[in-house]
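Peer 1: with the input below, show me the fold.
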Amino acid sequence: MTGSEEPPSFRLAYVPGVTPSKWVRIWNERLPDVPLTLSTVSAAEAPDVLRGRGADAGFVRLPIDRTDLSAIPLYTETSVVVVPKDHLVAAVEEVSADELADEIVLHPLDDTLDWERPPGLPAFERPATTEDAVELVAAGVGLLVVPQSLARLYHRKDLTYRTITGVPESRVALSWPEAEVTPDLVEEFIGIVRGRTVNSTRGRTPTPPQPKQKRADKGGTPRKPAAGRTGGKPAAGRTGGKPAKAQGKNARGGSGAPKNAAKRGKPRRRP
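Peer 2: The predicted model follows:
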């Protein structure tokens, strides 16, 4: 490496409400020598940050303009309505969009839900941000429909939220600048988010299999073939692994009968 080259690093952007801590932890375990830096960007700014190479990848809320961007949808969030704790909606577990027809429902400029038409009555003007809209709900100006993670992020003790049906839901995706070849570090992060193991063929280079070693005896020395054996075949003089029988000679190497042994037969009569 020359002095002009910078060490590798990975820049990850994410929009409010997304919690990337789990994936960052896995990254640090697998690539401890490649630092990962985080930056929070608004949902509206995120696509331009990625196109301008201000980050290598980022968590965004769909829909977005995918010009020059690749994206993988990851999960869908439940939508909720944020209300004061003393509001009638707080007394139920779930409410429908139609039940808010007579309520003022705030629609901030940074809203990411893909509305055809927001529920309720429109406010006199739209708040600049979701955080500003939460402050207005606390002041009794109106209600607010947001993804559940944003309701948790901007939670206040004097507010609560309930699940709402009949409205769009927010989809979170991983996005990165489009290129003919995806950079290795981006591919690595995609694998982490998708749950690939460290030895996945689409992740880092898998660990090569280790060659098998010869079996060793108790002293650590590889076993040798048994004496009298060659190439795994029985030694000479053996048949089927059993000792060969002596042919024509006794065990001592003599003739078939012992020396001085009396001949057997009928006794001869004396003349």
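Peer 1: where along this structure do the helices fall?
Peer 2: For the chain, the helices defined by DSSP state H cover 21-30, 46-51, 130-138, 148-153, 184-193.
Peer 1: need the residues that contact the second one.
Peer 2: For helix 46-51, contacts defined as CB atoms under 8 Å, 6 or more residues apart in numbering pick out 13, 15, 39, 41, 55, 57-58, 60-61, 64-65, 67-69, 175-177. C-beta: built from backbone N, CA, C; applies to glycine.
Peer 1: please indicate which of the residues you listed are buried?
Peer 2: 13, 15, 41, 55, 57-58, 60-61, 64, 69, 175-177 (16 or more other CB atoms under 10 Å).
Peer 1: any low-confidence regions in the protein?
Peer 2: Within the chain, the stretches with pLDDT under 70 are 1-6, 200-271.
Peer 1: which residues in it form strands?
Peer 2: In the chain, the strands defined using DSSP state E lie at 10-14, 36-40, 57-62, 69-77, 79-84, 94-96, 105-106, 143-147, 159-165, 170-177, 238-239, 242-243.
Peer 1: the first one pairs with which strands?
Peer 2: Partner strands and pairing direction for strand 10-14 (DSSP bridges) are strand 36-40 (parallel), strand 57-62 (parallel).
Peer 1: could I get those as a markdown table with distance to T129?
Peer 2: Formatted as a markdown table, the strands paired with strand 10-14 follow (distance: least, CB to CB, whole Å):
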| stretch | distance to T129 |
| --- | --- |
| strand 36-40 | 13 |
| strand 57-62 | 14 |
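Peer 1: nearest to R156, out of those strands?
Peer 2: Proximity to R156, assessed across these by CB to CB, is greatest for strand 36-40 (20.0 Å).
Peer 1: okay, buried residues for that closest one please.
Peer 2: L36.
Peer 1: what's stretch 23-43 in contact with?
Peer 2: 7-16, 20, 49, 54-55, 58, 60-61, 110, 112, 129, 185, 188-189, 192-193, 198, 204.
Peer 1: end to end on stretch 160-173, go ahead and measure it.
Peer 2: Stretch 160-173 has an end-to-end distance of 27 Å (CA to CA, to the nearest Å).
Peer 1: what residues sit buried inside it?
Peer 2: Under 16+ other CB under 10 Å, the buried positions of stretch 160-173 are 160-162, 164, 167-168, 170-173.
Peer 1: quick revisit: now the strands of the chain as TSV including distance to L136?
Peer 2: Output for the strands of the chain, formatted as TSV (distance: least, CB to CB, whole Å):
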stretch	distance to L136
strand 10-14	26
strand 36-40	22
strand 57-62	21
strand 69-77	22
strand 79-84	10
strand 94-96	19
strand 105-106	6
strand 143-147	8
strand 159-165	11
strand 170-177	20
strand 238-239	99
strand 242-243	99
